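> Need a 3D model of the following:
(chains A and B, ligands or ions: 1)
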Amino acid sequence: MARLSYAQASCSALHAAMQQDALVVALGEDVGRGGVFGQYRGLQQTFGAERVIDTPISEATIMGAAVGMALAGLRPVVEMRVVDFALCAMDEVVNQAAKARYMFGGQGRVPLVARMPIGLWQGSAAQHSQSLETWFAHIPGLVVVAPATPQDNCGLLAAAIACGDPVIYMEHKELWGLEEEVDAARVERLGVAAVRRAGSDVTLVTWSRTLHDALRAAEAAQAEGLSLEVIDLRTIWPWDRETVFASLRKTRRLLVAHEAVQVGGFGAEIAAVVAETLGVPVRRLGAPRIPVGYASSLEAVTRVTPEAILSVARELAKKPAR
Amino acid sequence: MSETAMSLAHAQALYRTMARIRAFENAAEEASKGGVAAFGASLAQAKVRGPLHLSTGQEAVAAGVCAQLRADDLLTSTHRGHGHSIAKGASIERMMCELFGRATGYNGGKGGSMHIADFSVGMLGANGVVAAGIPIAVGAAHALRVRGGGALVACFFGDGAINRGPFLEGLNWAGIHRLPVLFVCEDNRWSATTATGAMTAGEGALARAQAIGVPGLAVNGNDIFVVDAAAAALTAQIRAHGGPRFLHAVTYRIKGHVSVDAAGYRSHDEVARALEQDPLELAAIRIAAIGGVRAVLAAIDAEAQAEVAAAVAAADAAPSPPDAEAYTDIQDTGAGRWRD
Ligand SMILES: Cc1ncc(C[n+]2csc(CCOP(=O)(O)OP(=O)(O)O)c2C)c(N)n1
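Below you'll find the model as predicted:
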């Protein structure tokens, strides 16, 4: 165990993977100097510039080259800096990485990890603050992961690198500095959620940074006698129905909260599946369908706060559980 | 215009633009201390939040190019765009208000440093995405062509941007349609924390442009006289229906990538040598050589600093945008349906 930040935890997982497997490489802008968030610190010194590859500002070719590397036997970890810039590489993700195995009749695989940090990041405005996990969850062929803790950013990244599918790996920019004791040897399983807090009245499903607000909401709810069970989805696709359903059999009420825009967000998918399958009351809470503003007052409007979560949870708890 | 023909009045006007940019950048830098959590800085609240990319040391490029633009010419800019906006005629006060996230800013606080725009002076916007301004400039030039009138588009981008696809696609488009675009590669030699040279194959920006059939000039971007003369020549060729032109202006990013980046990844020597080439200092020497006096430049500096100080005070006193503004100017159709 070591006390690691969210950024250091991912670095430690990548370091271990590169040490174990000479076919694991990392590529992206500024990775040689440690990455803009320090999540590659020291790796180029250890593994050399052939395996920790500095790239030009060429997102389409960074991603496209990673697809080529993967088809030719490597396991590339691709850095996109923020998901907003990954939009410059959408063909390479959606038409190439996600489709190659299927189109070619199973002849090739694309075991790459594309790191695309999401989320608000104080005053970064509309082109550097988006949470676009749903875009990728919608695409057959992709796995989508969103770690919320340092431990998970170690164990899930290790699992993503080991995975034979293309994995969209979405760290949250406001979590880089978050620290905890991390067991660096622990590899998580993709597609498995974590119950972060047990409760009996409402199942609160969330992921990424919103987990921390959800836990705050649950704490406040406890004080008023409302018991929230908080589930950290961790993997957005495939999402862990078993854990969510097991919780709902107890609580019979679902609230999904996420930082992404609520309209067409992944909360809608979970709520729909739960409503179709269990018929229990569901609610979603996400950002309004507005771009992220620069001024702190405008940015705050897009934030899903513990207060907002609690208020929706309260309303939901008034509904008779079916 | 030949360099020797530079009039003292024009030279001092160029200097004034550079001094205003420098004063703006210095004040913005100060107000951003404790800002964005990139590069290890704290999360403490600063007056200027978010990434702030300073053009300190690059003033001659903005001033020299924009001095050759008409009011009806258009301009696209980058994440490092304060100088371009100021040189095109934007108000320093409204820019500072935008950096402070105020309702009185150019974008009403919605955009911040990376998205400043002033359509009233033809400034079509800074851009947070590297190279994204290039196709936009080409499209704007196409619009100018369709609408008639003889104006041109100045398209600023960094040396890092020439490695993105839109560079090839945009220049090719401008070339085949012979569009009135002045492409300005503002080469400060760094792309964030990476030296651009190590990431760029071949002979660099101008050679690439020429290979696509866009002719141009490579110049010392720190020498305002040289930039001014080159921009005058190239814009004249464009206005004579010569098609797109390319200006490769070599300069230096004196500050870090963002204001809170100490840039410890580059050598002190390199920075020290660059500081000896400070464009304002060079301009002062050049101006002295054509009969200017230092006291006049000192007065210009003082005026610029006073203007910026007033802008900071105004920004400080200005109100934040009300929450309701978060819901405006998004779209007409479907407006009001924020959560469904
Ligand atoms: C498409 C895209 N990729 C990456 C980034 C992150 N980024 C912002 S500025 C920058 C460096 C740009 O270098 P250059 O074009 O030379 O401009 P400079 O910052 O030196 O002015 C990078 C990589 C971005 N904004 N957009």
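> got the contact list for the closest residue to residue B:112 other than its chain neighbours?
Among residues not flanking residue B:112 along the chain, residue A:294 sits closest, at 3.3 Å (CB to CB, 6 or more residues apart in numbering or on different chains). (C-beta placed from N, C-alpha, C; glycine too.) Shown in contact with residue A:294 (CB atoms under 8 Å, 6 or more residues apart in numbering or on different chains): A:123, A:125-126, B:49-50, B:98, B:101, B:107, B:109-112, B:115.
> So which of the residues you listed are in strands?
The members of the contacts of residue A:294 all map outside strands under DSSP state E.
> Columns neighbour count on top of those residues, output as a markdown table?
Shown next, in a markdown table, are those (neighbours: other CB atoms under 10 Å in any protein chain shown):
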| residue | neighbour count |
| --- | --- |
| A:123 | 29 |
| A:125 | 28 |
| A:126 | 21 |
| B:49 | 28 |
| B:50 | 27 |
| B:98 | 29 |
| B:101 | 31 |
| B:107 | 25 |
| B:109 | 30 |
| B:110 | 26 |
| B:111 | 25 |
| B:112 | 31 |
| B:115 | 21 |
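> ok, how many other residues are close to residue A:57?
Applying other CB atoms under 10 Å in any protein chain shown, we find 26 residues neighbouring residue A:57.
> pretty sure it belongs to a helix, no?
No - assessed by DSSP: H, G, I helix; E, B strand; the rest coil, residue A:57 does not belong to a helix; its assignment is coil.
> ok so, going back, among the contacts of residue A:294, which are in reach of the ligand?
Checked against the ligand using CB under 6 Å from any ligand atom, the contacts of residue A:294 give no members in range.
> Can you flag which of those residues belong to helices?
Among those, the members found in helices (DSSP state H) are residue B:98.
> so where do the strands sit in the stretch 51-200 of chain B?
B:74-76, B:153-158, B:181-187, B:190-191, B:194-195 (DSSP state E, counting those that start in this stretch).
> touching the ligand at all, the fourth one?
Right, strand B:190-191. Yes - Strand B:190-191 is in contact with the ligand by CB under 6 Å from any ligand atom, via B:190-191.
> now that strand, how far from the centre of its chain.
Relative to the chain's own centre, strand B:190-191 is displaced by 15 Å; criterion: CA atoms, centre = their mean, to the nearest Å.
> Now do that strand, average pLDDT.
Here strand B:190-191 scores 97 as its mean pLDDT.
> partners of it in the sheet?
When pairing is defined by DSSP bridges, strand B:190-191 lines up against strand B:194-195 (antiparallel).
> got it, and the longest one?
Paired with strand B:181-187 in the same sheet, following DSSP bridges, are strand B:153-158 (parallel), strand B:245-250 (parallel).
> who's in contact with residue 21?
In the absence of a named chain, chain A is used. By CB under 8 Å, 6+ apart, the contact list for residue A:21 reads residue A:75.
> not quite, I wanted chain B
The contact partners of residue B:21, by CB under 8 Å, 6+ apart, come to B:55, B:59, B:62-63, B:82-83, B:86-87.
> how about a cut-off of 10 Å?
Taking CB atoms under 10 Å, 6 or more residues apart in numbering or on different chains as the criterion, residue B:21 is in contact with B:54-56, B:58-60, B:62-63, B:82-87, B:92, B:279-280, B:304, B:308.
> picking that back up, please name whichever of the strands paired with strand B:181-187 is nearest to residue B:273.
The minimum distance between residue B:273 and the strands paired with strand B:181-187 falls on strand B:245-250, with 13.2 Å, by CB to CB.
> Enumerate every residue touching whichever residue of the stretch 1-150 of chain A sits closest to the ligand.
Per CB to the nearest ligand atom, residue A:85 is where the stretch 1-150 of chain A lies closest to the ligand, at 4.1 Å. By CB under 10 Å, 6+ apart, the contact set of residue A:85 is A:28-29, A:57, A:59, A:62, A:79, A:116-117, A:127-128, B:128-130.
> The same query, at a cut-off of 6 Å, please.
Residue A:85 makes contact with residue A:59, according to CB atoms under 6 Å, 6 or more residues apart in numbering or on different chains.
> Residues in contact with stretch B:82-92: which ones?
B:17, B:20-21, B:24, B:55, B:59, B:62-63, B:66, B:75, B:77, B:116, B:118, B:121, B:123, B:156, B:307, B:311.
> now the strands paired with strand B:181-187 in TSV, with distance to residue B:13 and mean neighbour count?
Below are those laid out as TSV (distance: least, CB to CB, whole Å; neighbours: other CB atoms under 10 Å in any protein chain shown):
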stretch	distance to residue B:13	mean neighbour count
strand B:153-158	18	29
strand B:245-250	19	25
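> Just put those in a markdown table and tack on mean pLDDT and distance to residue A:164.
A markdown table is the format used below for the strands paired with strand B:181-187 (pLDDT from 0 to 100; distance: least, CB to CB, whole Å):
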| stretch | mean pLDDT | distance to residue A:164 |
| --- | --- | --- |
| strand B:153-158 | 98 | 38 |
| strand B:245-250 | 98 | 46 |
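> near the ligand, which residues of chain A?
Near the ligand, when you scan chain A using CB under 6 Å from any ligand atom, you find A:29, A:57, A:59, A:81, A:85, A:88.
> so what's whatever residue of chain B ends up closest to the ligand bridging to?
Closest approach between chain B and the ligand, counting by CB to the nearest ligand atom: residue B:158, at 2.3 Å. Per DSSP bridges, the residues bridged to residue B:158 are residue B:186.
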